[in-house]
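Student: Got a predicted structure plus its sequence, pasted below:
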Amino acid sequence: MEKIGVLGGGAWGTALAAAANQAGRDTVLWAREPEVVSAVNETHENSHFLPGVALDSGLTATGDLADFADRDAILMVAPAQYTRVMAAELIKHIGPKVPLVICSKGIEVLTGKLLSDAIGEVAPGHPVCVLSGPTFASEVARGLPCAVTLAAEDEDLGSALMQALGLPTFRPYFSTDIIGAQIGGAVKNVLAIATGVAAGLGTGENARAAVITRGLAEIVRFGALYGARRETLMGLSGLGDLILTCSSTQSRNMSLGKAIGEGMSFEEIMAERTSVAEGAHTVDIVHKIAQDKGLDMPITSAVYRILKKGEDARDVMDDLLNRPFTDETQ
């Protein structure tokens, strides 16, 4: 695990490439945008997606997937809805058993499948792992401390990846639950939008804590549907990620919700952004699955009504507050 490829030149991909490079790995970052490639190689900064963060001169970028031919592992950091198509293209250029590590957070909207299943269909024979947890890209890129879940079905592979990527300031914790490691990261993005809406409406810190806690209940219900382990959802890739994403406007999802709560439309907000708020896509499929399976996910439903039905945020929040009282374990 000496040579690492990072597929995706956004903020998170750049941060992971910086961390892998800092860990002493020979690291190549693939970006779709030529201006990102040239900026990383020439000015040692991703000024488009991660401005103001200096990158080590040893980190190189490329726009050609053929440059991944000698990589020992690939970190998959393309937006969730493009993971399948990028994996299909990637495997034309790499060895037959190179591990693919999912670092994006989401569920395929068109199929309702987890990203591990999507990759498994187009890249058979490649071990699929998951890296997820409470992280903001700018802090990771600057070398500030964090901890993440690294999930792999094969413990030896997981150990090798932890040794390759781990640092005192980038601490991976091992799990064999690749399902749970994905569920927490995907659903929490939807809940972060709800927390942002509450903040934008000025409902206070008590309401934020309530959304986080009741949102965790929705994650657990949804995870049970897929067989996720409860302890995984209570760990870094579940509860930890939920707390961070719902606590700061550094989160693209929370900041999206906050802007909506303050009166902007979803279309206006997205027109101003270059980065992806994954929860805005994931809410479609999470809401559909919850409806189809009879899962009670009122916060997810509220986000769906606001983003996809165009309902007034204040009216939707009032509906949440006026739900019947119930047992906390329900």
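Tutor: Happy to help now that I have it.
Student: Can you pull the phi and psi angles for the most centrally placed residue in the chain?
Tutor: In the chain, the centroid-proximal residue (Cα atoms, centre = their mean) is residue 105; its distance is 2.9 Å. The phi/psi pair for residue 105 (degrees, to the nearest 10) reads phi -130, psi 110.
Student: any idea how far it is from residue 156?
Tutor: 26 Å (Cβ to Cβ, to the nearest Å). Just so you know, the C-beta spots here come from the backbone N, C-alpha and C atoms, and that holds for glycine as well.
Student: Ok, residue 112 next?
Tutor: Counting by Cβ to Cβ, the separation of residue 112 from residue 156 is 32 Å.
Student: higher neighbour count, these two?
Tutor: More neighbours surround residue 112 than the other of residue 112 and residue 156, with 14 against 8 (other Cβ atoms under 10 Å).
Student: where are the low-confidence patches of the stretch 201-330 of the chain?
Tutor: Counting by pLDDT under 70, the stretch 201-330 of the chain has low-confidence residues at 274-276.
Student: which residues of it fall in strands?
Tutor: Along the stretch 201-330 of the chain, counting by DSSP state E, counting those that start in this stretch, no stretch forms strands.
Student: Repeat that for the stretch 1-150 of the chain.
Tutor: Going by DSSP E, counting those that start in this stretch, the stretch 1-150 of the chain shows strands at 3-7, 26-30, 60-62, 73-76, 100-102, 128-132, 146-151.
Student: can you pull the buried residues of the last one?
Tutor: Translated: strand 146-151. Going by neighbour count (16 or more other Cβ atoms under 10 Å), the buried part of strand 146-151 is 146, 148, 149, 150, 151.
Student: now stretch 111-122
Tutor: Here stretch 111-122 shows 113, 114, 115, 116, 117, 118, 119, 120, 122 as buried, counting by 16+ other Cβ under 10 Å.
Student: Could you check how many residues crowd around the nearest residue to residue 225 once chain neighbours are set aside?
Tutor: Nearest residue to residue 225, sequence neighbours excluded (Cβ to Cβ, 6 or more residues apart in numbering): residue 293, at 6.0 Å. Using other Cβ under 10 Å, residue 293 is surrounded by 11 other residues.
Student: Kindly report the same for residue 272.
Tutor: Neighbours of residue 272 using other Cβ under 10 Å come to 8.
Student: Distance check, it against residue 65.
Tutor: Distance of residue 272 to residue 65, given as Cβ to Cβ: 31 Å.
Student: One more: residue 237?
Tutor: 28 Å.
Student: Settle it for me: which of those two has more neighbours?
Tutor: Ranked by neighbour count (other Cβ under 10 Å), residue 237 and residue 65 place residue 237 first, with 31 against 18.
Student: contacting residues around that one?
Tutor: Going by Cβ atoms under 8 Å, 6 or more residues apart in numbering, residue 237 touches 130, 132, 133, 148, 149, 151, 175, 180, 181, 182, 184, 185.
Student: Quick check: the residue nearest to the centre of the chain touching residue 189?
Tutor: Yes - Residue 105 is within contact range of residue 189, at 6.1 Å (criterion: Cβ atoms under 8 Å).
Student: hey, what's in contact with both of these two?
Tutor: 278, 282.
Student: that older thread, can you tell me which of the buried residues of stretch 111-122 end up in helices?
Tutor: If you go by DSSP state H, these have 115, 116, 117, 118, 119, 120, 122 in helices.
Student: Dump the residues you listed into TSV; add distance to residue 251 and pLDDT as well.
Tutor: Below are these laid out as TSV (distance: Cβ to Cβ, whole Å; pLDDT from 0 to 100):
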residue	distance to residue 251	pLDDT
115	20	97
116	24	98
117	26	98
118	24	97
119	25	98
120	29	97
122	30	98
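Student: Adding distance to residue 9 as columns, could you present those residues in CSV?
Tutor: Shown next, in CSV, are these (distance: Cβ to Cβ, whole Å):
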residue, distance to residue 9
115, 19
116, 23
117, 25
118, 21
119, 19
120, 25
122, 21
